[in-house]
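Novice: Following is a predicted model, sequence given first.
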Amino acid sequence: MTIATDLGTKVELTDERKAPSRLSAIGRFARRNPLGAAGGAVIIVMVLVAMFADFIAPYNPVANAFDRMHEPPSLENWLGTDQYGRDVFSRIVYGARTALLVGFASSFVGATFGLVLGVASAYFSGKIDLILQRIIDIFMAFPLIIMALAVIAIFGTGAQNVIIAITIPFIPRCARVVRSSALAIRELPYIDAARANGFSHTRIILRHMIPNVMAPFLIMITAFVGQAILLEASLSYLGLGVQEPTPAWGLMLQGGAEEYAESAPWIAIFPGIAISLAVFGFSLFGDALRDEFDPRLRSL
């Protein structure tokens, strides 16, 4: 009993020591990268708003109220109403869910496929690497928005198709970055030792190479989320993304950016601010992660 109690006490002390170390690590990160910390704060707020949208939004985001169209910001409607009488604040709050769903889903899936292709290309090298890199060059020759438009033209509109359209252009970009890191890892002694022990190619790639290229993988995911949010807003603005009545920031811009720019500018201003904050937040946080993981930049 005494030993168990002593062990229990040691475990508790260990857990108590870990909590301050995590907090001190966050504090060091914020001091070294204040802009990255600000971006992380924006991301946390955005995630919380999306999670608790049902409690934050005062009105139904899809309920029309034609007797309250184009009302300016007031105590009742904090950010005014749109051309259908819907509360702009409620639609922005629920639009965070759409932005995060499309952003995280497309960036994670695209970066994951790119991770596997990049590591496999670096490991096998030779003709496989040559063929994969030429295919990646073809895809990277087109801008993100052009590739997304081409995929939308094939699969059609809708949230799922938007995710697919944004995922496909992300794959070659992540594969190229991961391959550059995997090429150096392939020449390390423990990879040669794994081959000498008779390990399969799959085991070497999954167990020994992929875990050592997770730093650029995580950085690419963070950077891709901001790009995906901007791409989703662009496609929705063009009428090729998420469709009405789904709350989406790009759709809100489509409905109010041109026709009501003078009579009801709040319809487009506030969704534009939300898109800008989200993109800036993920971009700043991604740059801070890159600086944190790169030992050369960290030493500087």
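Specialist: On my side now, so go ahead.

Novice: Contacts only, for residue 157.
Specialist: Residue 157 makes contacts with 239-243, as judged by C-beta atoms under 8 Å, 6 or more residues apart in numbering. (C-beta placed from N, C-alpha, C; glycine too.)

Novice: Tell me the buried residues within the residues you listed.
Specialist: 240-242 (16 or more other C-beta atoms under 10 Å).

Novice: Can you tell me which helices and strands the helix or strand hosting residue 163 packs against?
Specialist: For residue 163, the host element (DSSP states H and E) is helix 159-186. Secondary-structure packing of helix 159-186 (3 or more C-beta pairs under 8 Å, 6 or more residues apart in numbering; DSSP states H and E): helix 88-124, helix 126-140, helix 144-155, helix 214-237.

Novice: between the shortest one and helix 159-186, what angle do the directions make?
Specialist: Between the axes of helix 144-155 and helix 159-186, defined by axes from the mean of the first three to the mean of the last three C-alpha atoms, to 10 degrees, the angle is 130 degrees.

Novice: Alpha carbons only: can I get helix 144-155 in PDB?
Specialist: What follows is helix 144-155, C-alpha atoms only, in PDB (Å, rounded to 0.1, in the frame of the first residue of the first chain):
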ATOM      1  CA  LEU A 144      -5.200  26.800 -57.600                       C
ATOM      2  CA  ILE A 145      -8.400  28.600 -58.600                       C
ATOM      3  CA  ILE A 146      -8.100  27.300 -62.200                       C
ATOM      4  CA  MET A 147      -7.700  23.700 -61.000                       C
ATOM      5  CA  ALA A 148     -10.600  24.100 -58.600                       C
ATOM      6  CA  LEU A 149     -12.800  25.500 -61.400                       C
ATOM      7  CA  ALA A 150     -12.000  22.600 -63.600                       C
ATOM      8  CA  VAL A 151     -12.900  20.100 -60.900                       C
ATOM      9  CA  ILE A 152     -16.200  21.900 -60.200                       C
ATOM     10  CA  ALA A 153     -17.000  21.900 -63.900                       C
ATOM     11  CA  ILE A 154     -16.700  18.100 -63.800                       C
ATOM     12  CA  PHE A 155     -18.300  17.200 -60.500                       C
END
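
Novice: Adding mean neighbour count and distance to residue 289, write the helices and strands packed on helix 159-186 out as a markdown table.
Specialist: Below are those laid out as a markdown table (neighbours: other C-beta atoms under 10 Å; distance: least, C-beta to C-beta, whole Å):
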| stretch | mean neighbour count | distance to residue 289 |
| --- | --- | --- |
| helix 88-124 | 23 | 13 |
| helix 126-140 | 13 | 23 |
| helix 144-155 | 16 | 21 |
| helix 214-237 | 23 | 5 |
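
Novice: Select, out of those, the one closest to residue 49.
Specialist: For these, the distance to residue 49 is smallest for helix 88-124, at 5.0 Å, taking C-beta to C-beta.

Novice: For that closest one, what is the distance to the chain centroid?
Specialist: Its chain's C-alpha centre and that of helix 88-124 lie 5 Å apart, by C-alpha atoms, centre = their mean, to the nearest Å.

Novice: do stretch 63-72 as well
Specialist: Taking the mean of its C-alpha atoms, stretch 63-72 sits 33 Å from the chain's own mean (C-alpha atoms, centre = their mean).

Novice: Any buried residues in it, and which?
Specialist: So, applying 16+ other C-beta under 10 Å, buried residues of stretch 63-72: 65, 68, 70-71.
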